[in-house]
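# no letters, just coordinates:
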């Protein structure tokens, strides 16, 4: 009897490890696929959006990245319903297969020069398929693990699922770095960027093999055997106020803030280093990868801690820290990563003096608009140079000028010039501007020799630590809020509205805010505002559910 009992305990422990490993392995793979696009946005711009100006192309690339997030709530509805009707395991097998095939296809797509406008259209279609699949993946994996977890360890067990997002990003960065280092920057820029997408086929095969060995969730099996499953999970989840109220509170009081903190720490920081601070792409990937590696264990730490003190205090503390410290942390990153830029900005700040009516938001979806006003010429050149600037209104009709410290460089009106003359004069004016910027100490790129790399990694680690606080306990918090019969559907929607819309659109929104104002820090107001709202709503209206029964 004792031997049998001991054997039973050992078998259950092995089973629990397999549950976590199976759900985590598949989710790592899916996040690896999804993150590749964000990490390679610059190369995607060059190959798929080369028919528009540089600023528009980068915004388009980020929009295509965001498109995958935009459809995630719809994937949550479709696959959440299937998960509550058909089972957790079967559903996330389908989502993983769709994700893998779409990612592999991205590596094969012809570029804009080969297919024209059909190329970005095909890319966006693949992104939409990825987003739909990921919309059904997370809820299934989190629910599956939570429904296997022993009492008092739900936060600890589900925190391993939370690691997968960061580890997926880490894995994608490692593969990108390895390929770039092996074949060189020129080859990577031309065709090598496709290799990480194609390599996902191997990960898909391994992940499917692991997940096919898993059994269905015991909570779901019992619920079906007892005839307690929902026949209309969408209606129960969203058409009945008691549960809809929980969905809305989960969104506003938990997942919206969690999402913007997550994407600021793991994505916007990467864009900020490479795009705003002009840090070399390979070095950027390496710095972020080290920070992720050092911070990743804290997902489990905060998941475990949430089993002791509750989910809500940790999540809301992460949101509050983000609100209070984002500006000083990102300004410190500037000083550490590109000290020449920081010194030049302080010693010789740049100001665009222009008639506000002369300034357009330089976003051209079709690539046909010509930005030829004196203000647009000045701001376009500064944006391409990665220089932050302030705006100063001038009287109507004034020709715009750029002030670099005490030096003033008048722009010119190009509306009446021919295309050839405009191009010639713009090139000459930009060259003169670049010379003055160089004289004032503004670097064309960040100098790795002058960078304080340990400090950059430490600051990035702080940002990711906030991520671990908000993300480590989130799965357990959401699972405990909803009944088993509609859990997959109910928890998936607020999670993916939060992470798909509030978080997924963060890089695009923040970059557009920077482009519109000229202030490289202005985009931080977006995550700060959302995190502040989540802190207030969560503090006042979200009930702590730690340890709540999840079998019914």
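All right, it came through fine. On a predicted model such as this, the values are computed, not experimentally measured, just so you know.

# quick one: low-confidence parts of the stretch 201-350 of the chain?
The model of the stretch 201-350 of the chain has no residue with pLDDT under 70.

# which stretches in it count as helices?
Along the stretch 201-350 of the chain, the segments classed as helices by DSSP state H, counting those that start in this stretch run 218-225, 233-238, 241-250, 256-263, 269-271, 281-295, 297-309, 311-337, 339-347.

# tell me the helix or strand right after the helix or strand of the chain with the lowest mean pLDDT.
Lowest mean confidence among the helices and strands of the chain (mean pLDDT, DSSP states H and E): helix 2-39, at a mean of 61. Downstream of helix 2-39, the next assigned helix or strand under DSSP states H and E is helix 41-48.

# show me where pLDDT drops low in the stretch 351-500 of the chain?
362-369.

# relative to residue 68, how far out is the spatially most central residue of the chain?
Closest to where the C-alpha atoms of the chain average out (CA atoms, centre = their mean) is residue 263, at 4.1 Å. As judged by CB to CB, to the nearest Å, residue 263 and residue 68 stand 13 Å apart. All C-beta atoms are positioned from the backbone trio N, CA, C, and that covers glycine.

# any residues in contact with both of these two?
By CB atoms under 8 Å, 6 or more residues apart in numbering, residue 263 and residue 68 have these common neighbours: residue 504.

# what's the neighbour count on residue 427?
10 (other CB atoms under 10 Å).

# secondary structure element for it?
Going by DSSP H and E, residue 427 is part of helix 419-439.

# and for that helix, what are the contacting residues?
344, 350, 370, 372, 377-378, 381-382, 384-385, 387, 402, 404, 407, 409, 411-412, 414, 417, 444.

# now a ChimeraX select for only the buried ones of those residues.
Those of the contacts of helix 419-439 that count as buried under 16 or more other CB atoms under 10 Å are selected in ChimeraX with:
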select :344,350,372,377,378,381,382,385,387,402,404,409,411,412,414,417
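
# most tightly packed of the helices of the stretch 201-350 of the chain?
Per-stretch averages of neighbours, counted by mean count of other CB atoms under 10 Å, single out helix 256-263 among these, with a mean of 30.

# give the other helices and strands that it contacts.
Applying 3 or more CB pairs under 8 Å, 6 or more residues apart in numbering; DSSP states H and E, we find helix 256-263 packed against helix 311-337, helix 453-471, helix 506-517, helix 525-541.

# any chance of TSV for these, columns distance to residue 276?
Putting those into TSV (distance: least, CB to CB, whole Å) gives the following:
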stretch	distance to residue 276
helix 311-337	8
helix 453-471	13
helix 506-517	7
helix 525-541	15
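
# nearest to residue 122, of those helices?
helix 506-517 (20.2 Å; CB to CB).

# distance from the chain centre to that closest one, please.
14 Å (CA atoms, centre = their mean, to the nearest Å).

# quick one: that helix to helix 256-263, angle?
80 degrees (axes from the mean of the first three to the mean of the last three CA atoms, to 10 degrees).

# what packs against helix 506-517?
helix 54-70, helix 256-263, helix 269-271, helix 525-541.

# what's the third one packed up against?
Packing partners of helix 269-271 (3+ CB pairs under 8 Å, 6+ apart): helix 281-295, helix 506-517.

# list of residues touching the first one?
Helix 281-295 is touched from outside by 39, 42, 166-167, 169-170, 173-174, 176-177, 180-181, 185, 266, 269-270, 273-274, 279, 448, 453, 456-457, 460-461, 463-465, 467-468, with contacts defined as CB under 8 Å, 6+ apart.

# could I get the contacting residues of residue 374?
354, 358, 399-400, 411-414.

# apply 7 Å and report the result again.
354, 358, 399-400, 411-413 (CB atoms under 7 Å, 6 or more residues apart in numbering).

# and residue 155, by the same measure?
Contacts of residue 155 (CB under 7 Å, 6+ apart): 303-304, 306-307, 311, 473, 476.

# ok, now residue 166?
266, 292, 296, 299.

# in what helix or strand does it lie?
Going by DSSP H and E, residue 166 is in helix 154-183.

# do you know how far residue 458 is from residue 291?
Counting by CB to CB, the gap from residue 458 to residue 291 is 8 Å.

# if we can go back for a sec, now a ChimeraX select for only the buried ones of the contacts of helix 281-295.
To isolate in ChimeraX the members of the contacts of helix 281-295 that are buried, counting by 16+ other CB under 10 Å, one can use:
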select :39,42,166,167,169,170,173,174,176,177,180,266,269,270,273,274,279,456,457,460,461,463,464,465,467,468
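
# quick one, phi/psi of residue 407?
Torsion angles at residue 407 (phi, psi; degrees, to the nearest 10) stand at phi -100, psi 140.

# dump the residue contacts of it.
Applying CB under 7 Å, 6+ apart, we find residue 407 in contact with residue 436.

# and it, bridged to which residues?
Residues in a beta bridge with residue 407, per DSSP bridges, are residue 404.

# which ones are touching residue 442?
Neighbours of residue 442 in contact, by CB under 7 Å, 6+ apart: 341, 344, 387.

# wait, doesn't residue 157 sit right on residue 21?
No. With contact defined as CB atoms under 7 Å, residue 157 does not reach residue 21; the gap is 11.6 Å.

# neighbour count for the two, which is higher?
In this view residue 157 and residue 21 are compared by other CB under 10 Å, and residue 157 has more residues nearby, 25 against 15.

# so the closest residue to the more buried one other than its chain neighbours, which of the three states?
Closest residue to residue 157 apart from its sequence neighbours, by CB to CB, 6 or more residues apart in numbering: residue 149 at 3.9 Å. Look at residue 149: counting by DSSP: H, G, I helix; E, B strand; the rest coil, its state is coil.

# ok, residue 149 - how many residues close by?
Residue 149: 20 neighbours (other CB under 10 Å).

# then the one 10 residues further on?
Around residue 159 there are 29 other residues, counting by other CB under 10 Å.

# same thing with residue 195?
18.

# wouldn't it be in contact with residue 179 here?
Yes. Counting by CB under 7 Å, residue 179 is a contact partner of residue 195 at 5.0 Å.

# A strand includes residue 409, no?
Yes. When three-state DSSP is applied, residue 409 is found to be in a strand.

# OK, contacts around it?
401-402, 432-433, 436.

# go on, residue 42?
residue 281.

# would you mind measuring from it to residue 454?
26 Å.

# what do you get for residue 196?
According to CB to CB, residue 196 and residue 454 sit 28 Å apart.

# so these two - more neighbours on which side?
Of the pair residue 196 and residue 454, residue 196 is the one with more neighbours under other CB under 10 Å, namely 27 against 10.

# tell me the secondary structure for that one?
Residue 196 ends up helix, using three-state DSSP.

# check whether it really touches residue 180, as I assumed.
No. Assessed by CB under 7 Å, residue 196 is found out of contact with residue 180, at 9.7 Å.

# now residue 402: which helix or strand?
Per DSSP H and E: strand 401-404 holds residue 402.

# residues near the residue lying closest to residue 255 once chain neighbours are set aside, how many?
Distances taken as CB to CB, 6+ apart place residue 498 nearest to residue 255, at 2.9 Å, with adjacent residues excluded. Neighbour count of residue 498, defined by other CB under 10 Å: 28.

# likewise the one 10 residues further on?
Here the neighbour count serves as a burial measure; for residue 508 (other CB under 10 Å) it reads 22.

# any idea how far it is from residue 376?
For residue 508, the distance to residue 376 - CB to CB - is 21 Å.

# again with residue 461
39 Å.

# related to what we said a few turns ago, give me the buried positions along the helix holding residue 427.
422, 426, 429-430, 433-434, 436-437.
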